[in-house]
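In: sequence? don't have it. structure:
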Ligand SMILES: Nc1ncnc2c1ncn2[C@@H]1O[C@H](COP(=O)(O)OP(=O)(O)OP(=O)(O)O)[C@@H](O)[C@H]1O
Ligand SMILES: [Mg+2]
């Protein structure tokens, strides 16, 4: 196990229980998403795992090294990009990385070479000699991202790497993070409260609320655990389509003639259904599938909605399925 925690607890000032008995088992090469609303205990957990904060009780290790008893060794194999910006405005891009390198006792030559590689990885090499004060928010975040990597850690902790960035820049950041895994093969522990981001990027997700992990699993698993996909089909003969809906539930014909129903596994269900529909000579004007989102997952396991600014619907148009069935 690359990251492990057992009954990890942090109580601040004797009474604020920020982390309330967390268990983690994260394997080498995984991207693990720690998802939760403000104040859930994400940063506190990261600080304990990265040796910055001593747990009140419980145990945690990185690649088998105890985060309390073997602090120094742990620090050598982890990289941390904290929630607050860590790069220095008054230095040039490349100088920031060289400074980081000097903290780890990496020689000048070596540092320059590593810095170049890392800057290229996040498309910042062209801006290496500019002062960070002239960087855009997205550029800073990218520099932040690689500043935790100069010493070639085995595990990278990213605390809210995309907070406050616009949607487009965030999408780019996900790509960069995915590239880090692909190119460097490192394990990544990422905290976020953007559901969509966690959904796309992470192999596994733990949903944390009030210091506890409420549920954990692969994004697909979590969404499937919610239940059903919601399907909408608009055609001129909804009543006839209704006859073909084996094993569907919540079947309803809406005002505009759209038939809506729920099924468990729309990927298998829809192509078969479409075949029947086309054989009957019924034309479909529109088809959409609404998958359960992590939003629904969060609601189910915490009983609350996550404070969230993303669109709630994840509608996938399956015109491809329609074409296949034709
Ligand atoms: N140094 C501290 N002293 C006392 N309480 C703290 C301290 N740091 C955090 N807390 C409290 O612990 C709880 C968890 O905070 P933490 O920063 O871990 O949450 P988070 O999930 O990272 O939140 P956010 O999404 O806002 O970053 C909160 O109630 C917070 O107020
Ligand atoms: Mg935090």
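Out: Okay, I see it. As the structure is a computational prediction, the values presented were derived from the model and not from experiment. Ligands and ions are numbered 1, 2, ... in the order given.
In: tell me who's in contact with residue 154.
Out: 2, 28, 62, 63, 77, 78, 186, 187 (CB atoms under 8 Å, 6 or more residues apart in numbering). For the C-beta atoms, the positions are set from N, CA and C on the backbone; glycine is no exception.
In: look up how far residue 256 lies from the first one.
Out: Which is residue 2. Using CB to CB, to the nearest Å, one obtains 52 Å as the distance from residue 2 to residue 256.
In: cool, and the second one?
Out: Computed as CB to CB, the residue 28 to residue 256 distance reads 52 Å.
In: who has more neighbours, the two?
Out: It is residue 28, of residue 28 and residue 256, that has more neighbours when counted by other CB atoms under 10 Å, with 13 against 8.
In: what sits closest to the more buried one if chain neighbours are left out?
Out: Nearest in space to residue 28, with sequence neighbours left out and distances taken as CB to CB, 6 or more residues apart in numbering, is residue 2 at 4.6 Å.
In: quick check: residues of the chain near ligand 2?
Out: Applying CB under 5 Å from the ion, we find that the chain lies next to ligand 2 at 42, 43, 83.
In: ok, now which ones touch the residue nearest to residue 28?
Out: The neighbourhood of residue 2, defined by CB under 8 Å, 6+ apart, consists of 26, 27, 28, 29, 30, 62, 63, 154, 155, 187.
In: just the buried ones from those, in PyMOL syntax?
Out: For anyone working in PyMOL, the buried entries among the contacts of residue 2, judged by 16 or more other CB atoms under 10 Å, can be selected with:
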select buried, resi 26+30+62+63+154+155+187
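In: and the furthest pair within the contacts of residue 2?
Out: Using CB to CB, the pair of these lying farthest apart is 29 and 62, separated by 14.2 Å.
In: how many neighbours does residue 182 have?
Out: 9.
In: can you tell me the helix or strand for it?
Out: Under the criterion of DSSP states H and E, residue 182 resides in helix 167-184.
In: if you count contacts, what does that helix end up packed against?
Out: In terms of contacts (3 or more CB pairs under 8 Å, 6 or more residues apart in numbering; DSSP states H and E), helix 167-184 is packed against strand 31-35, helix 108-121, helix 137-147, strand 187-192, helix 195-201.
In: okay, those in TSV with mean pLDDT and distance to residue 15 next?
Out: Conversion of the helices and strands packed on helix 167-184 to TSV gives the following (pLDDT from 0 to 100; distance: least, CB to CB, whole Å):
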stretch	mean pLDDT	distance to residue 15
strand 31-35	95	24
helix 108-121	93	42
helix 137-147	89	33
strand 187-192	94	24
helix 195-201	84	31
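In: quick check: which of these is nearest to residue 130?
Out: Ranking the helices and strands packed on helix 167-184 by proximity to residue 130 (CB to CB) places helix 137-147 first, at 8.9 Å.
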